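Participant: A predicted structure for the sequence below; I have some questions about it.
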Amino acid sequence: MEKLIGILKGVCPGVDFENEKALCDDGIINSLDIVLIVSELMDAYGVEIDIDDLVPENFNTAEDILALVERAQG
Amino acid sequence: MEKITELNELKAAIRRHFRGGMATNFTLSEAEISGELKSGGLFIEESPDCLYILRERDGHRILNYYVNSLPLPPVPDGLTVCEITARGRENLRRDIISALEDAGFTPLFERVRLVRQAGRAEPNGGGAYKLSAAGESDIAGVSSLFASCFDRLTGCISSESVLAGRIAAGGVFIAKRDGCVAGAVETAADKSFTEIRHLAVRENDRGRGLGGELVRYYLNETGGRKSFVWTEPGKPAAYKTYVNCGYTEDGNGSLVLMKGRKT
């Protein structure tokens, strides 16, 4: 989780990824942030994430994002 | 340029360029892409490491991209506007801006995003102006006001059909004087927040606090939900209006660039 939080803060500095529970639903990160986050995750974890996975439900919390990465890792 | 006629064609093109470390400024929702497809003005230009998505507007194009390596391939000729939004990743942002400048683009102005946390606002009543939600009969008046206040290339002015949809959804509020639209605020709602898309006051009615009154009216009418707005720091009157209504910068910013000559 620490590695993920570091990546997320690199893309969206100032966002409290450790505690926020509605990152998308509250507009804290937007759809462009999501694309850029995924770009970084694919690079950092060597995984492929499909554009159909870029939905708010996968990005509302750091735990949601980690789960997406883990699914991509198989 | 290749014309895109179906959503799946665009998705397939994006998938070919959707890689780790890419840079992009394109995130249209499927609903928005459907609107672009319906208008017949969606095109792509592809090279091995770059996908350009070009959206036709009245007399110009909007450029979106997926870039996997620099320098950029040539951008198709014609008047073209491009907006780069990013927070963090300053090096990448600088590289893309520099590459666009090499491709013939000139920076025009910056935008910043402001946020107002949830909380009621208290409008003062409007004084000589009658404030209300806009109705169908106000579409022409609001459209005309926005057309006179925002640049047709960079103002992101909503088409009448989009505006009609926002009015039907209860997201457009107006101030009238002598039966004419003197000011208007167009907003869009998401799950737990709203966003101001356009705020305009007729030239002769400026300097009387009407913009702020419209913002407070809209905040009140939408239940004081969290609100966002993109604005230009280079337009101090608008910026000050928002700050006086409780908005603060949230760290998001963008740069608008243009290539070609405006006629």
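Facilitator: Now that the structure is in, tell me what you want to look at.
Participant: so who does the residue of chain B found nearest chain A touch?
Facilitator: Per CB to the nearest CB, residue B:20 is where chain B lies closest to chain A, at 3.2 Å. C-beta: built from backbone N, CA, C; applies to glycine. Contact analysis of residue B:20 by CB atoms under 8 Å, 6 or more residues apart in numbering or on different chains lists A:39, A:40, A:41, A:42, A:43, A:44, A:46.
Participant: does it belong to a helix, a strand or coil?
Facilitator: coil (DSSP: H, G, I helix; E, B strand; the rest coil).
Participant: mind checking pLDDT for it?
Facilitator: Looking at residue B:20, its pLDDT is 87.
Participant: how far away is it from residue B:202?
Facilitator: Using CB to CB, to the nearest Å, residue B:20 is found at 49 Å from residue B:202.
Participant: how about residue B:109?
Facilitator: For residue B:109, the distance to residue B:202 equals 23 Å [CB to CB].
Participant: cool, and residue B:255?
Facilitator: Separation of residue B:255 from residue B:202 (CB to CB) stands at 29 Å.
Participant: over to residue B:4?
Facilitator: From residue B:4 over to residue B:202 the distance is 39 Å, taken as CB to CB.
Participant: the more surrounded of those two?
Facilitator: residue B:4 (23 against 18; other CB atoms under 10 Å in any protein chain shown).
Participant: pLDDT at the residue lying closest to residue B:152 once chain neighbours are set aside, what is it?
Facilitator: Counting by CB to CB, 6 or more residues apart in numbering or on different chains, residue B:152 lies nearest to residue B:58, which is 6.8 Å off, once chain neighbours are set aside. Per-residue confidence (pLDDT) for residue B:58: 83.
Participant: hang on, residue B:58 packs against residue B:153?
Facilitator: No - using CB atoms under 8 Å, residue B:58 makes no contact with residue B:153, being 9.2 Å away.
Participant: so these two - more neighbours on which side?
Facilitator: residue B:153 (21 against 9).
Participant: so how far is residue B:100 from that one?
Facilitator: From residue B:153 across to residue B:100, the span is 16 Å (CB to CB).
Participant: okay, and for the chain, where does confidence drop off?
Facilitator: No chain specified, so I'll use chain A. Counting by pLDDT under 70, chain A shows no low-confidence range.
Participant: try again with chain B
Facilitator: Regions of chain B meeting the criterion pLDDT under 70 cover residues B:28, B:86-90, B:262-263.
Participant: domain parsing for it?
Facilitator: As given by automatic domain parsing, the domain ranges for chain B are B:2-104, B:116-255.
Participant: between these, which gets nearest to residue A:7?
Facilitator: domain B:2-104 (10.6 Å; CB to CB).
Participant: tell me which residue is most central in the chain.
Facilitator: Let's take chain A. In chain A, the C-alpha nearest the mean C-alpha coordinate belongs to residue A:65, at 4.4 Å (CA atoms, centre = their mean).
Participant: let's do chain B instead
Facilitator: Closest residue to the average C-alpha location of chain B: residue B:156 at 4.6 Å, with CA atoms, centre = their mean.
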